[in-house]
Structures are given as structure tokens and as C-alpha cells.
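*Asks:* sequence? don't have it. structure:
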């Protein structure tokens with residue numbers, strides 16, 4: 001198993017990290033994505049159980065989903081750790097829906 005840290009993302013960029021991870025998985029024709037909203041920086045996704053400053057930005061998360069969509073192998077997804085009690089005007093839930101849409105092919109023009 002390969003573990004990528006935020007240092008990897010900071011030094012190499014989310015695009016390079018996601019592409020490398022997908023290259024390591026290319027022998028598989030199906031991929032499941034588990035999107036933990038705790039991984040998003042609380043400035044972009046405040047409604048989570050364990051907010052942690054320095055997480056993925058909205059744009060990094062969006063790009064990751066778009067790159068995974070490009071591989072054409074994602075067949076399923078789950079989204080975890082949205083806490084509506086802690087959310088601000090449903091921002092985190094809306095972001096989760098936008099990220100899911102990108103994972104399954106929606107593009108930002």
C-alpha cells in the first residue's frame with residue numbers, strides 16, 4: 001500500500017499525486033472512491049466531525065475528482081463525515097454533491 005501525505009500534495013501537486021496513484025491501480029478495471037469530507041480544509045468544508053486546518057482546498061478536491069473521472073474506471077463512491085449540525089448554510093453538503101458530480105463526469109467550464 002502506498003500512502004500519500006499532504007506534504008506529497010504540497011510538493012508535487014494534487015494532479016501528480018492522483019495520477020501516480022491511478023497508475024499504481026491500472027491493473028484494476030473498477031475503482032471505488034471513499035470521499036472523507038474531513039480531508040477538506042475547514043475553510044471550504046466546515047461541517048465535518050474532525051475539522052483539520054491544512055486539508056485539501058476546494059480546487060484540489062475538484063481536480064482530484066476530475067482526474068479520477070478521466071480514467072473511466074470509477075464505478076462507485078461513498079461520502080462520509082458530513083455533520084449538518086456543524087455545517088454553515090449547508091456548505092459542506094453542497095460541496096460533497098459537487099465533488100460527486102465531478103467524479104462521475106460533470107465538468108467546470
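*Replies:* Received the coordinates, thanks. A quick note: this is a predicted structure, and the numbers were derived from the prediction, not measured. Numbering: from 1, shown residues only.
*Asks:* Geometric centre of the chain: which residue is closest?
*Replies:* Using C-alpha atoms, centre = their mean, the residue of the chain that lies closest to the mean C-alpha position is residue 61, 4.2 Å off.
*Asks:* List the residues that contact that one.
*Replies:* Shown in contact with residue 61 (C-beta atoms under 8 Å, 6 or more residues apart in numbering): 39, 40, 44, 95, 99. From N, CA and C alone the C-beta is placed, and that goes for glycine too.
*Asks:* ranking the residues you listed by neighbours, who comes first?
*Replies:* Comparing these by number of neighbours (other C-beta atoms under 10 Å), residue 40 comes first, having 26 neighbours.
*Asks:* Now do it, the pLDDT please.
*Replies:* Note for residue 40: predicted pLDDT of 96.
*Asks:* so what's it bridging to?
*Replies:* residue 56 (DSSP bridges).
*Asks:* State whether it and residue 54 are indeed in contact, as I suppose.
*Replies:* No - using C-beta atoms under 8 Å, residue 40 makes no contact with residue 54, being 10.7 Å away.
*Asks:* can you count the residues close to residue 52?
*Replies:* So residue 52, with other C-beta under 10 Å, has 12 neighbours.
*Asks:* Please identify which pair of the contacts of residue 61 lies farthest apart.
*Replies:* 39 and 95 (11.6 Å; C-beta to C-beta).
*Asks:* show me where this protein has strands.
*Replies:* Applying DSSP state E to the chain gives strands spanning 31-36, 74-80.
*Asks:* low-scoring pLDDT stretches of this structure, where are they?
*Replies:* Low-confidence segments of the chain, defined by pLDDT under 70: 109.
*Asks:* Since that was my last question, I'll sign off now.
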